[in-house]
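Undergrad: Everything below, folded, please.
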Amino acid sequence: EILKAGAEGFLQKPFSFIELSLKLKEVFERRKYKRYKVREGIITIPHSDSAEHFKIIDISRGGLSFQYREKEGALEDFNELAIGIEGGSLIIDKMACQTVSDSRLSDNMENGHGPVKRRGLQFKDLSSDQKDQLQFFIDSFSIPEV
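TA: Numbers count the residues shown, from 1 in each chain. Reported below is the predicted structural model:
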């Protein structure tokens, strides 16, 4: 329940100093790269042949987060994704990943659709080509900071 509300993690009491250290290291590792907002129309796709796509909220060299509407049944965990332009082409394909967070952004129900949620994904074992493509993507499609 607490993780769904957006917490980065939790420890059950009583906990040891070692457990606390490990949990803090895990949280900081997830945030070791700067996050960038992306331009409108940038999407993630669960896998390259999927018709379903989701709006990317932000991205880093370590992962991304996207927005979706909760439907009946939970959104499946991704183990691979693609990044592309809505109505256009794929930019990066077959990126291994894992879900690290899933939290509710809004309870607002529109047109019978469920509440708005945010899912965080961490990239796993990217090839050097994928790392280069990801950096090119961040340089080309992120919104400059003001």
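
Undergrad: can you list contacts of the top strand by length along the chain?
TA: If each strand of the chain is counted by residues according to DSSP state E, the longest one is strand 90-106. The list of residues contacting strand 90-106 from outside it, by C-beta atoms under 8 Å, 6 or more residues apart in numbering, reads 3-6, 8, 30, 45, 47-48, 63, 65, 67, 70, 75, 77-85, 115-126, 130, 133-134, 137, 141. Placement of C-beta: from N, CA and C, glycine included.

Undergrad: now stretch 38-54
TA: With C-beta under 8 Å, 6+ apart as the test, stretch 38-54 has contacts from 55-59, 64, 66-68, 76, 78, 80-88, 90, 93-94, 119, 121, 141-143.

Undergrad: Over to stretch 128-135?
TA: Stretch 128-135 is contacted from outside by 61, 91-92, 95, 123, 126, using C-beta under 8 Å, 6+ apart.

Undergrad: Tell me how far it lies from the chain's centre.
TA: Centre-to-centre, stretch 128-135 and its host chain are 17 Å apart (C-alpha atoms, centre = their mean, to the nearest Å).

Undergrad: what does stretch 43-60 give?
TA: The chain centre lies 9 Å from the centre of stretch 43-60; the measure is C-alpha atoms, centre = their mean.

Undergrad: for the chain, which spans come out with low pLDDT?
TA: By pLDDT under 70, the low-scoring segments of the chain are 1-10, 27-31, 47-50, 72-74, 107-113, 145-146.

Undergrad: 90 - rerun?
TA: Filtered on pLDDT under 90, the chain yields the residue ranges 1-35, 43-53, 68-79, 84-94, 99-118, 143-146.

Undergrad: quick one, helices of it?
TA: Assigned by DSSP state H, the chain shows helices spanning 17-30, 128-141.

Undergrad: got the angle between the first one and strand 90-106?
TA: Interaxial angle of helix 17-30 relative to strand 90-106 (axes from the mean of the first three to the mean of the last three C-alpha atoms, to 10 degrees): 130 degrees.
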